[in-house]
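K.L.:
Got a predicted structure here, sequence first:
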Amino acid sequence: MDFVSPIVDVAARLWACTAKRVTSFRRLSDNIKILRSAMDELKSVYKDVTERVEREEKLQKKRTRSVENWIRSVEAMEREVRQILEEGDEEVQNKCSGTCCPRDPCDRYKLGKALPRKIRAVVALQNKVDHFQDVAVPLPNPLVIERPLEKIVVSKPTTLEKVQEALRNKLEIPDGRWKNRSEDEKAAEIFSVLKTKKFVLLLDDIWEPLDLLKVGIPLLSTHRNKSKVVFTTRSADVCRDMEAQKSIKLECLAWEESLTLFRTRVGENTLNSHPDIPKLSEIVVRECKGLPLALIIVGRAMAGARTPQDWEKKIQTLKNYPAKFPGMGDSLFPVLAFSYDSLPDEAIKSCFLYCSLFPEDYEISSQHLIELWIGEGFLEEYDSIQEERNQGEEIIERLKDVCLLESGRFQKQEYLKMHDVIRDMALWLASEHGKKENNFLVKDQVGLIRAHEVKKWNEAQRITLWESRIEELREPPCFPNIETFFASGKCMKSFPSGFFVNMHVLRVLDLSNNYELVELPVEIGNLVTLQYLNLSKTSVENLPVELKNLKILKCLILDNMNSLQPLPSPMLSDLSSLQLFSMFNSPYKGDHRTLLEDLEELEYINDLSLDLTSVSSAQALFNSHKLQSFTRRLRLFNCKCMNSVRLSPYIEMLHISFCHAFKDVQISLEMGGLQYSKFPRQGCCLYYLVHVYISWCSKLLSLTWLVHAPNLKFLSIDDCGSLEEVIEVEKSQFLAIDLNFNLFSRLISLSLINLPKLRNICRWNQSFPSLREITVLGCPRIKKLPFDFNTGMNKNLEKIIGQQEWWDGLEWENKDFMLNLTPYFRTTQSSKRLEFPFVPLQD
């Protein structure tokens, strides 16, 4: 049995070793639990302390150094404990299977020593809080009452009581001097505090003008210590009514700022969760178009998306169904809709929603938009088209003032645009907050639209197709509620059979810009509720005679139709409600005199745009007081023997081309007389004239009659070989006319091309305060520009286009003036020439 003793001894030693390992392992597990629990308690205390600090700091106090050091220590401790706990959890999970032996005894030993030390350190930090009597101390009394963190949000409705109560809280006016007091008494209390202070007051989100004196705010003009009141508003009217000394329009954020704001809201953890996500985040930022609130809300929604697949799905939702994107319909759109809700009446609201029918980033012609509004009946409380146009322009300005519309480019006419997020909000409103998704249907560049999709449109009120077309249908679609239908942008070669049969309440039909459309369906003549029809820039040759059935048609627009044949007689004169007729830049192949006779018969016609190509037709227009007084746009082309043109005071746009005998203009006066341009007796008689384009008029010597056009914005002259001066009178003669404006003070664009004899634009220097662009090409005798030293000092001037040789040869009264204008000069090597829209016709 001697061999048994060694075996027993070995077994005893193994058991002792194993028991020791088990005890050590259990101690390790217990210490991990203790440390985790202690750290959780410390984090709770940390949260309580930081909340106390934030509350005190809002009261203009500063955290103590001991508290600041403690907060930093806790944050550092949290990082260290997190690492130890991760190592401890790994040690427990990685113990050898079937034994209690660690894989690395050395690491296990270090970890076992570190845990008790960290537990003691965490407890010590927790106990330090008991010694904090104050977490913050008051700041020294400032000379300025600073309110950057505690701004006063006014919002709607704006009331004196609301603003006074907010100010009272900020100024800590005691109850004894406030409760049961009248508004005037409360204003006196606020005034008594503020009059002795230098203050900056921020009033946020004001919707209506606020009387600062009634609030109790001292008059800033008499307040010697230069106090300030800063307010934010979405309405430019509020700035004007409150007589703001300086107004600053906050533009959307630039790209880098947008990207930074968005990524801040998303968070680094999400952005770093996959290499593709930063690039995908840029796509989302582009969709928000720099709107801060959109970037914040969308950024929050994307914070939980950790895979590229999640981002791609949400991007598609944001692009195609923005109202369904998280936070848009319940957070973003309701806030933006405050501006919509503040609009004064339903007509303006309808006009705003209508703008959402155009594609994203589409620049809308303001004149086209107003004519559509007229066709819809939004402006029908007025009797004439001109009055409705005026109202439409006022509505556009109102929508721009409250930031629901933006200005677009300004080339020959004004263009408008809608911020993409505002447009998404408008479509959401039009769909009754998403309840009727197909109320406004906008299809942009979707290619071929299948028949099964068209069937889903039966509840639609307005449908617009852009660069999209509909496949042949087996049966006519049913659109019982449709009031508006656009099909624009080269999308329709023809319409499916019977497409318009079941549109019984259609008011507006716009088929413009379909260059491949050559024929109209006959059933359009059955759209008896139609009030607006636009066929501009189509290749339609013949209008169906059935159009004479459109007895309440108000607007018929046939611009830029190069293939149009003579209108069937007596179709035009049968359109008994027609008020607006436009056939501008369309080479009409019929007898213009017959056309004018038909127009003369229309009782309600009051807005005309005409394109005449013979002296006889032009003379017929000049002889009709009714038609001439209603002609808004006139284009005279190839009237070779016409030496003078008679204009009414209401003309807005005048184009004269290839009228080689043309020399001068006669202006029809209200009393029926004529006024010749060289001997003016009455000023401002072309008040509405905005756009003048003269080309290939070889005997034209000057355009002095333009001194009667105070609102002229666009002037283009080219290939007039005899023209020597644009305005040939002296300044003294001009002043003698007794005009209440400066010559060319509202001119935006001036183009002078291929005018070999032209010496002067005018004989004295002007400031041209509205000028954005001037082009001078092929005018070698112009040696001096009629600019005074103020030209270019405003922010409107964008460019001066010409050839380098001409620019270098200009004469300047002052070298500094040349240096001021040189940055605007853009050189071009060639002289651009007129592109003919169609072949000149013989007289």
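P.N.:
Sure thing, it's come through.
K.L.:
give me every residue that touches the nearest residue to residue 545 once chain neighbours are set aside.
P.N.:
Nearest non-adjacent residue to residue 545, counting by Cβ to Cβ, 6 or more residues apart in numbering: residue 568, 4.4 Å away. Using the backbone N, CA and C atoms, a C-beta is placed for each residue, glycine as well. Contacts were defined as Cβ atoms under 8 Å, 6 or more residues apart in numbering; by that measure residue 568 touches 542, 543, 544, 545, 548.
K.L.:
how near is residue 452 to residue 271?
P.N.:
According to Cβ to Cβ, to the nearest Å, residue 452 stands 41 Å off from residue 271.
K.L.:
Between the two, tell me which one has more neighbours.
P.N.:
The residue with more neighbours, out of residue 452 and residue 271, is residue 271; 17 against 8, by other Cβ atoms under 10 Å.
K.L.:
Do I have it right that that one meets residue 263?
P.N.:
Yes: look at residue 271 against residue 263 with Cβ atoms under 8 Å: they come within range, at 6.0 Å.
K.L.:
And the residue nearest to residue 545, its phi and psi?
P.N.:
The phi and psi values for residue 568, taken as degrees, to the nearest 10, are phi -60, psi 140.
K.L.:
before we move on, what about residue 650?
P.N.:
For residue 650, the backbone dihedrals (degrees, to the nearest 10) come out as phi -100, psi 0.
K.L.:
Skipping adjacent residues, who's closest to it in space?
P.N.:
Nearest to residue 650 is residue 688, by Cβ to Cβ, 6+ apart, at 5.5 Å.
K.L.:
Tell me if I am right that residue 509 is in a helix.
P.N.:
No: secondary structure of residue 509 (DSSP: H, G, I helix; E, B strand; the rest coil): strand, not part of a helix.
K.L.:
who does it bridge with?
P.N.:
Beta-bridge pairing for residue 509 (DSSP bridges): residue 485, residue 533.
K.L.:
Tell me the spacing between it and residue 555.
P.N.:
10 Å.
K.L.:
that older thread, with the contacts of residue 568 in mind, which one is nearest to residue 799?
P.N.:
Nearest to residue 799 among these is residue 543, at 42.7 Å by Cβ to Cβ.
K.L.:
And for that closest one, the neighbour number?
P.N.:
Residues near residue 543, counting by other Cβ under 10 Å: 23.
K.L.:
Correct me if wrong: it contacts residue 522.
P.N.:
No: counting by Cβ under 8 Å, residue 543 does not reach residue 522; the two are 10.7 Å apart.
K.L.:
Please confirm that residue 466 is located within a strand.
P.N.:
Yes: assessed with three-state DSSP, residue 466 lies in a strand.
K.L.:
Residue 528 versus the spatially closest residue to it that is not a sequence neighbour, what's the distance?
P.N.:
Nearest residue to residue 466, sequence neighbours excluded (Cβ to Cβ, 6+ apart): residue 444, at 4.4 Å. Look at residue 444 and residue 528: by Cβ to Cβ, they are 30 Å apart.
K.L.:
again, but for residue 401
P.N.:
39 Å.
K.L.:
go on, residue 119?
P.N.:
89 Å.
K.L.:
So for those two, which residue has more residues nearby?
P.N.:
More neighbours surround residue 119 than the other of residue 119 and residue 528, with 19 against 13 (other Cβ under 10 Å).
K.L.:
before we move on, what SS does residue 252 have?
P.N.:
Once three-state DSSP is applied, residue 252 turns out coil.
K.L.:
Okay, and the beta partners of residue 633?
P.N.:
According to DSSP bridges, beta-bridge pairing links residue 633 with residue 609, residue 653.
K.L.:
Do I have it right that it meets residue 610?
P.N.:
Yes: with contact defined as Cβ under 8 Å, residue 633 reaches residue 610; the gap is 7.3 Å.
K.L.:
okay, and the common contacts of these two?
P.N.:
residue 584.
K.L.:
Going along the chain from whatever helix or strand residue 424 lives in, find the next helix or strand for me.
P.N.:
Residue 424 belongs to helix 420-430 when assigned by DSSP states H and E. Once helix 420-430 ends, the next helix or strand along the chain (criterion: DSSP H and E) is strand 440-449.
K.L.:
now the angle between helix 420-430 and that next one, please.
P.N.:
Calculated by axes from the mean of the first three to the mean of the last three Cα atoms, to 10 degrees, strand 440-449 forms an angle of 110 degrees with helix 420-430.
K.L.:
Just the buried residues of strand 440-449, please?
P.N.:
In terms of neighbour count (16 or more other Cβ atoms under 10 Å), strand 440-449 has its buried residues at 440, 441, 442, 443, 449.
K.L.:
Can you give the strand pairings for it, parallel or anti for each?
P.N.:
strand 462-470 (parallel).
K.L.:
What is the helix holding residue 424 packed up against?
P.N.:
helix 333-341, helix 346-354, strand 440-449 (3 or more Cβ pairs under 8 Å, 6 or more residues apart in numbering; DSSP states H and E).
K.L.:
So residue 336 is in contact with residue 292, correct?
P.N.:
No: between residue 336 and residue 292 there is no contact under Cβ under 8 Å: 11.8 Å.
K.L.:
So what's the residue count around residue 516?
P.N.:
12.
K.L.:
For it, which non-adjacent residue is closest in space?
P.N.:
Nearest one to residue 516, counting by Cβ to Cβ, 6+ apart, is residue 493 at 4.6 Å.
K.L.:
Identify the residues contacting the one you found.
P.N.:
469, 514, 516, 517, 518.
K.L.:
In three-state terms, label it for me.
P.N.:
coil.
K.L.:
any chance you could read off phi and psi for it?
P.N.:
Dihedral angles (degrees, to the nearest 10) for residue 493: phi -80, psi -30.
K.L.:
Below-threshold pLDDT in this structure: ranges please.
P.N.:
Applying pLDDT under 70 to the chain flags residues 1-26, 58-60, 95-108, 139-158, 221-225, 410-413, 669-684, 731-741, 792-794, 829-843.
K.L.:
tally of neighbours for residue 717?
P.N.:
Neighbours of residue 717 (other Cβ under 10 Å): 23.
K.L.:
what's near enough to touch it?
P.N.:
Going by Cβ under 8 Å, 6+ apart, the list of residues near residue 717 reads 693, 694, 695, 703, 723, 726, 751, 752, 753, 755.
K.L.:
Likewise for residue 759?
P.N.:
Per Cβ under 8 Å, 6+ apart, neighbours of residue 759: 724, 725, 781, 782, 783.
K.L.:
quick one: which of these is nearest residue 824?
P.N.:
residue 782 (16.6 Å).
K.L.:
Against residue 762, how distant is the closest one?
P.N.:
12 Å.
K.L.:
Same question for residue 572.
P.N.:
In terms of Cβ to Cβ, residue 572 sits 43 Å off from residue 762.
K.L.:
Same question for residue 387.
P.N.:
35 Å.
K.L.:
any common contacting residues for residue 509 and residue 555?
P.N.:
532, 533, 534.
K.L.:
neighbours of the first one, just the number please.
P.N.:
It refers to residue 532. 23.
K.L.:
For it, which non-adjacent residue is spatially closest?
P.N.:
residue 375 (2.5 Å).
K.L.:
check which helix or strand covers residue 656.
P.N.:
Per DSSP H and E: strand 653-657 holds residue 656.
K.L.:
cool, and residue 137?
P.N.:
Here residue 137 sits within strand 136-138, counting by DSSP H and E.
K.L.:
Strand partners (parallel or antiparallel) of that strand?
P.N.:
Applying DSSP bridges, strand 136-138 is found paired with strand 61-63 (antiparallel).
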